[in-house]
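Colleague: Predicted model and sequence follow; I will ask about them next.
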Amino acid sequence: MKDLAHLNKYLYKYKYRLILGTVFIIISNLFGIVPAVVVRHSFDLIQSSFQIYNGFEGFVLQKGTYDLFASSILIFGVVILISAILKGIFMFFMRQTIIVMSRLIEYDLKNEIYQHYQTLSLSFYRRNNTGDLMNRISEDVSRVRMYVGPAIMYGINLFTMFLIVIPFMLSINVELTLYSLLPLPFLSFSIYYVNNIINKRSEEIQESLSDLSTFVQEAFSGIRVIKAFVREKDYNAKFSVASNDYKKKSLRLAFVQSLFFPLIMSLIGLSVILTVYVGSVGILQGELSTGNIAEFIIYVNMLTWPVTALGWITSIIQRAAASQKRVNEFLHTNNDIVSERNIEKEISGELVFEKVGFTYPDAGIEALRDISFEVKAGESIAIIGTTGSGKSTIANLICRMYDPTNGVVKIDGLSIKDFALSTVRGNIGYVPQDVFLFSETIADNIAFGNQNLSDEQIREAANHADLTENIDRFPEGFQTMLGERGITLSGGQKQRVSIARAIVREPKILIMDDCLSAVDTKTENSILNSMKKIMVGRTTIIISHRVSSAQLADKIIVLDDGSIVEQGSHDELMNFDGTYKSLYDKQIHGEELTNPIA
């Protein structure tokens, strides 16, 4: 129960529902006992009334005796009916309090997990896959809900039922009580054992189904490649193997489930047989009446489900504890990106790196070594280099997705750690290398950073990104719904939507992380011409492997293997005749003659 202690705050929050639900359970169980007592009196009345009725045979009183007997039985029937209705009503109230409480706790817990996910750093998401994150907020929380709902409800029901029913039974006959209850512990243990097997095999089926779904999803996503390489038969064979594995595990589960109810019914039947046998001996000895046997059979049936549920509850609690432990692992994960002084103020955009080094905590890869440069507010800097040279890492440090291992990053003369995270990121327009678009309209994706934008502002941003002409070709224009991850658009169009999304925020610092890699030369030149206007008055960091983009910047840094090998203006680096000039000659020299940047 140590792991489940995290839920106590929610049980306290909804304590009135829990208390009220407990009261409803007690009242419901009290009304459940009434029919048993009435049935005992009914049987005894029938036995005694039948003897009296036969004793008045041939007399006028015989008819009066029958009428009195019939009316008494009718009254007993009405009492049983009313008790059953009232029991049902309070059972409804019971579920409307405790089960609804469990749904509210499930809602709160999911919100707590999701909000905590939002606070965690990028390194956390690099260490954990998306499927595991989703599983903990869905499957694991659903299992936990079974604890705070059905497990607690049936646990309270079991406890109160025993407190109410057992004293009644003992007051009538101790020996009959012991014999009638004898099979119930075996029933509880059997249910617990069988239920654990069912749960284990169900989890195996879920894993098999997950593998099957992943295989099918991958096959359908890559159907063009499969067809192009004529691999349909191979994938059909692989699917048959995965599907056959799922079938075998499902049949194994069905076999165990087929034993479940026969096991319950046989042990219940044994309890009834013992009750009838021991009760019959008591009747012959004059210690019991036939009404007592009928009453005890009803009591046994009343206790059967709570005792059966005991094994089920135990299994639920074990699974819930395991799931809550997994949830707690993430909830107890602290964000290492925290503000030291939480400063919130307008920033001008001056950016300084002082001897910055960085090693990725999850991979142990040293990405940057002794990086130092300065960009004044409103100036621009280009960072170019080969793949893996550390360009995107610098962007991550500026956005404070990570903190440097060594050195310090400063904004406006203060350590970036002194600013509130919302202040830093709220003043940055970031165009990532790996574009991600949401399954919303094009307009919504452009306005993602600021939902209060007008249509004119959205269109202006699209114009700067050379995107308007493409959007206008769609029948619904800016209101075109994008597919999953923006699949409706081409790679270049997605990059330009990402650029529009960044610049429409009017950020103080604009970071463009290799955002023109998927566009052609003509579109690149058009966007670069627009960028000249966009960059005015804001600090701009252009990260690229293309020298054409770097020419726009006031200063250029050339990275190689995490270190700065060259820095200066375009003209200075061209005169230096080093790495930058070599890249320029390879990429630009031939194109510049035919496609000069305006």
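Modeller: Arrived safely. Numbering: from 1, shown residues only.

Colleague: mind showing which ranges of the stretch 101-250 of the chain have poor pLDDT?
Modeller: Applying pLDDT under 70 to the stretch 101-250 of the chain flags the ranges 131, 206, 210.

Colleague: where exactly do the helices run in it?
Modeller: With helices called from DSSP state H, counting those that start in this stretch, the stretch 101-250 of the chain shows them at 122-127, 130-137, 139-146, 152-172, 174-181, 183-221, 223-228, 232-284.

Colleague: so which of those gets nearest N463?
Modeller: helix 122-127 (31.9 Å; CB to CB). Bear in mind the C-beta positions are built from the backbone N, C-alpha and C, glycine included.

Colleague: and the closest one, how far from the chain's centre?
Modeller: Its chain's C-alpha centre and that of helix 122-127 lie 17 Å apart, by CA atoms, centre = their mean, to the nearest Å.

Colleague: Tabulate the CA atom coordinates of it in PDB.
Modeller: The C-alpha coordinates for helix 122-127 follow below in PDB (Å, rounded to 0.1, in the frame of the first residue of the first chain):
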ATOM      1  CA  LEU A 122      13.700  17.500 -23.100                       C
ATOM      2  CA  SER A 123      16.200  15.000 -21.700                       C
ATOM      3  CA  PHE A 124      13.300  13.200 -20.000                       C
ATOM      4  CA  TYR A 125      11.600  12.700 -23.400                       C
ATOM      5  CA  ARG A 126      14.800  11.500 -24.900                       C
ATOM      6  CA  ARG A 127      15.100   8.800 -22.200                       C
END
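
Colleague: buried sites along it?
Modeller: 123-124 (16 or more other CB atoms under 10 Å).

Colleague: Domain-wise, how is the chain divided?
Modeller: 339-427+509-598, 434-506 (automatic domain parsing).

Colleague: F229 is nearest to which of these?
Modeller: Closest among the domains of the chain, once you apply CB to CB, is domain 434-506, at 22.0 Å.

Colleague: what's the average pLDDT for that closest one?
Modeller: In this model, domain 434-506 carries a mean pLDDT of 80.

Colleague: and the domains of the chain as a markdown table, adding distance to S71 and mean neighbour count?
Modeller: Below are the domains of the chain laid out as a markdown table (distance: least, CB to CB, whole Å; neighbours: other CB atoms under 10 Å):
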| stretch | distance to S71 | mean neighbour count |
| --- | --- | --- |
| domain 339-427+509-598 | 79 | 18 |
| domain 434-506 | 71 | 18 |
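
Colleague: Redo those domains as JSON lines? Include distance to S315.
Modeller: Output for those, formatted as JSON lines (distance: least, CB to CB, whole Å):
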{"stretch": "domain 339-427+509-598", "distance to S315": "36"}
{"stretch": "domain 434-506", "distance to S315": "38"}
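
Colleague: for those, which one sits closest to T308?
Modeller: domain 434-506 (45.2 Å).

Colleague: Of the domains of the chain, which is nearest L310?
Modeller: domain 339-427+509-598 (44.6 Å).

Colleague: Tell me the spacing between E460 and G492.
Modeller: 20 Å (CB to CB, to the nearest Å).

Colleague: Select, out of the domains of the chain, the one closest to N129.
Modeller: domain 339-427+509-598 (12.5 Å).

Colleague: related to what we said a few turns ago, closest to S188 out of the domains of the chain?
Modeller: Short answer: domain 339-427+509-598, nearest of the domains of the chain by CB to CB, at 46.5 Å.

Colleague: Just read off the phi/psi values of F358.
Modeller: For F358, the backbone dihedrals (degrees, to the nearest 10) come out as phi -150, psi 130.

Colleague: picking that back up, generate CSV for the helices of the stretch 101-250 of the chain, with distance to S544 as supplementary columns.
Modeller: Converted to CSV, the helices of the stretch 101-250 of the chain look like this (distance: least, CB to CB, whole Å):
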stretch, distance to S544
helix 122-127, 22
helix 130-137, 29
helix 139-146, 43
helix 152-172, 59
helix 174-181, 79
helix 183-221, 30
helix 223-228, 30
helix 232-284, 39
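
Colleague: Would you point to the one among those helices that's packed deepest?
Modeller: helix 139-146 (a mean of 20; mean count of other CB atoms under 10 Å).

Colleague: For that one, which helices and strands make contact with it?
Modeller: helix 61-119, helix 290-331 (3 or more CB pairs under 8 Å, 6 or more residues apart in numbering; DSSP states H and E).

Colleague: Output the contacting helices and strands for the last one.
Modeller: Using 3+ CB pairs under 8 Å, 6+ apart, the elements in contact with helix 290-331 are helix 15-55, helix 61-119, helix 130-137, helix 139-146, helix 152-172, helix 174-181, helix 183-221, helix 232-284.

Colleague: Those helices into JSON lines, with extra columns for distance to I347?
Modeller: Putting the helices and strands packed on helix 290-331 into JSON lines (distance: least, CB to CB, whole Å) gives the following:
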{"stretch": "helix 15-55", "distance to I347": "47"}
{"stretch": "helix 61-119", "distance to I347": "22"}
{"stretch": "helix 130-137", "distance to I347": "32"}
{"stretch": "helix 139-146", "distance to I347": "39"}
{"stretch": "helix 152-172", "distance to I347": "51"}
{"stretch": "helix 174-181", "distance to I347": "75"}
{"stretch": "helix 183-221", "distance to I347": "42"}
{"stretch": "helix 232-284", "distance to I347": "54"}
